[in-house]
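> Below is the structure, and that's it, no one-letter string:
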């Protein structure tokens, strides 16, 4: 590892992965609670009746963001290959990404009504929701340019198959740390201790500073000649990954992407609604504000220990035999989702989290490393858009739609301050997710048959 990656590279990888995780988790987790707790907060019955339901707004926001992410990654990933300057795309992209994030807290119904001179409550609410959605798309453009297109291609450029499993493991723990950080700070905004305006402003500016630092930290890798590079045009490269011959020659890459796609769809069925589900369903069913008891703390500690021990074991097994690690991981994720679908009690939720998250993390580490291994030499940017179709577009369009469908069919509601019934997520969404996660095993079996071995590049 030390022979392949310098200390500066390791520091840069971890820093930009952490700050990218901060920005993505703000968008994926707290824009949803921002809609519930700020945009829709105290909305009257007339406003609610004349606008879209909160779960529908979340579903549309996630879906449109996914489309923007994929289109951006195709265009900017291919452009970064042509320009051969990942550093510029990463640094400037992170800078603008953070600044756009910082602006979110200023989106309120009052500001929208004043800005557009609107008095009708339903129109005010609807307009505010759509402004949030449009701003989310703009933020996604910045994030996908810098992180999805350029940063992921840069990671592929500077690593080899021998290093990638270790790197992906490190990035998983860094990503988990970013989730914990955002949830820790975000919980203050969710409970009203800190305003959403300050929450978005502070974290957004920190991400922007990271982008500025990238101008000094990031080094573009040495240029290597790529077959047929001179004769290829930007537009032909843009659709390179859709060619039947390319798909046939790189079948292991596309099988891996298909497996990741099923895993990601299952995850997105419940993830956009998770914090709202915890706030309005799990916590009230577990004793309300006083839900943190000694037994909950003990259960959480056991969960953490089980998670760490399980990851170490499965990663060791996967290092020797990927099939022996991936198949149990797929089974664990499915089993955990079924457990989560049976209870709304905090103890049961914590127990169900162990196999769900364990299976998801281990598959994520191995699949992400395999994707980088299977990408043809010198074409990392060209395949980032294809990767995003399976990891973002399909999951974030289909997943939230299935989650919204599950929530609407269950019709679990709560009364807001005006006594208006509002639909909230229900445990049935985990059943839908479990059914989708079973499908991971199909491409996985074909992939195992073809083998994971690659030549060191």
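Great, that's in hand. Note that this is a predicted model, so its numbers are computed, not measured. Residues are numbered from 1 along each chain as shown.
> Would you mind identifying the next helix or strand past the helix or strand containing residue 59?
Using DSSP states H and E, residue 59 sits within helix 54-83. Where DSSP H and E defines the elements, the next helix or strand beyond helix 54-83 is helix 86-102.
> elements contacting that following helix?
Under the contact criterion of 3 or more CB pairs under 8 Å, 6 or more residues apart in numbering; DSSP states H and E, helix 86-102 touches helix 7-25, helix 54-83, helix 121-143, helix 152-158, helix 196-217. The C-beta positions use only the backbone N, C-alpha and C, and glycine is treated the same way.
> try it again with 10 Å
helix 7-25, helix 54-83, helix 121-143, helix 152-158, helix 196-217, helix 380-388 (3 or more CB pairs under 10 Å, 6 or more residues apart in numbering; DSSP states H and E).
> Following element in sequence after the shortest one, please.
The C-terminal neighbour of helix 152-158 among helices and strands, as given by DSSP H and E, is helix 164-190.
> Between the helices and strands packed on helix 86-102, which one is closest to residue 108.
helix 121-143 (7.2 Å; CB to CB).
> what residues are up against the residue nearest to residue 317 when sequence neighbours are not counted?
Ranked by CB to CB, 6 or more residues apart in numbering and with sequence neighbours excluded, the top spatial neighbour of residue 317 is residue 325, at 4.4 Å. Contacts for residue 325 (CB atoms under 10 Å, 6 or more residues apart in numbering) come out as 313, 314, 315, 316, 317, 318, 319, 362, 363, 365, 366.
> if I read this right, residue 384 contacts residue 71, doesn't it?
No. Taking CB atoms under 10 Å as the definition, residue 384 is not a contact partner of residue 71, at 11.9 Å.
> between the two, which one's more packed in?
It is residue 384, of residue 384 and residue 71, that has more neighbours when counted by other CB atoms under 10 Å, with 30 against 16.
> Residue 65 versus the more buried one, what's the distance?
According to CB to CB, to the nearest Å, residue 384 and residue 65 sit 17 Å apart.
> Over to residue 395?
12 Å.
> residue contacts, residue 38?
Contacts of residue 38 (CB under 10 Å, 6+ apart): 104-105, 107-109, 128, 132, 189-190, 192, 195-197.
> try it again with 7 Å
Going by CB atoms under 7 Å, 6 or more residues apart in numbering, residue 38 touches 108, 196.
> ok, now residue 436?
Here residue 436 is in contact with 262, 265, 266, 269 (CB under 7 Å, 6+ apart).
> Tell me the helices and strands packed up against whichever strand or helix holds the first one.
Just to be clear, that refers to residue 262. Residue 262 belongs to helix 251-270 when assigned by DSSP H and E. Other elements packing on helix 251-270 under the criterion 3 or more CB pairs under 7 Å, 6 or more residues apart in numbering; DSSP states H and E are helix 346-374, helix 394-410, helix 429-438, helix 441-450.
> right, so of these, which gets closest to residue 115?
With CB to CB as the measure, helix 394-410 is the member of the helices and strands packed on helix 251-270 nearest residue 115 (28.6 Å).
> Let's test this: mean pLDDT of the closest one, rounded?
Average pLDDT, helix 394-410: 85.
> Over to stretch 316-325?
On average, stretch 316-325 scores 79.
> in that stretch, what's buried?
Residues of stretch 316-325 classed as buried under the neighbour-count rule (16 or more other CB atoms under 10 Å) are 317, 318, 322, 323, 325.
> okay but the second one is in contact with residue 369, surely?
No. Residue 318 sits out of contact with residue 369 when judged by CB atoms under 7 Å, with a separation of 9.5 Å.
> Domain parsing of this structure, as residue ranges.
The record's domain parsing of the chain by automatic domain parsing lists 1-220+234-238, 241-452.
> first vs last residue of the last one, how far apart are they?
The first residue of domain 241-452 is 20 Å away from its last residue (CA to CA, to the nearest Å).
> Could you check how far it is from the centre of its chain?
10 Å (CA atoms, centre = their mean, to the nearest Å).
> residues near residue 79, how many?
Around residue 79 there are 18 residues (other CB under 10 Å).
> Please apply the same query to residue 287.
13.
> now swap in residue 192 and tell me
By other CB under 10 Å, neighbour count at residue 192 equals 11.
> buried stuff in the helix holding residue 59?
54-66, 68-82.
> pretty sure residue 376 is in a helix, no?
No. Counting by DSSP: H, G, I helix; E, B strand; the rest coil, residue 376 falls outside a helix, being coil.
> ok, and the closest non-adjacent residue to it?
The nearest residue in space to residue 376 (CB to CB, 6+ apart) is residue 250, at 6.7 Å.
> my read: that neighbour touches residue 374, true?
Yes. The criterion here is CB under 7 Å, and residue 250 meets it with residue 374 at 6.2 Å.
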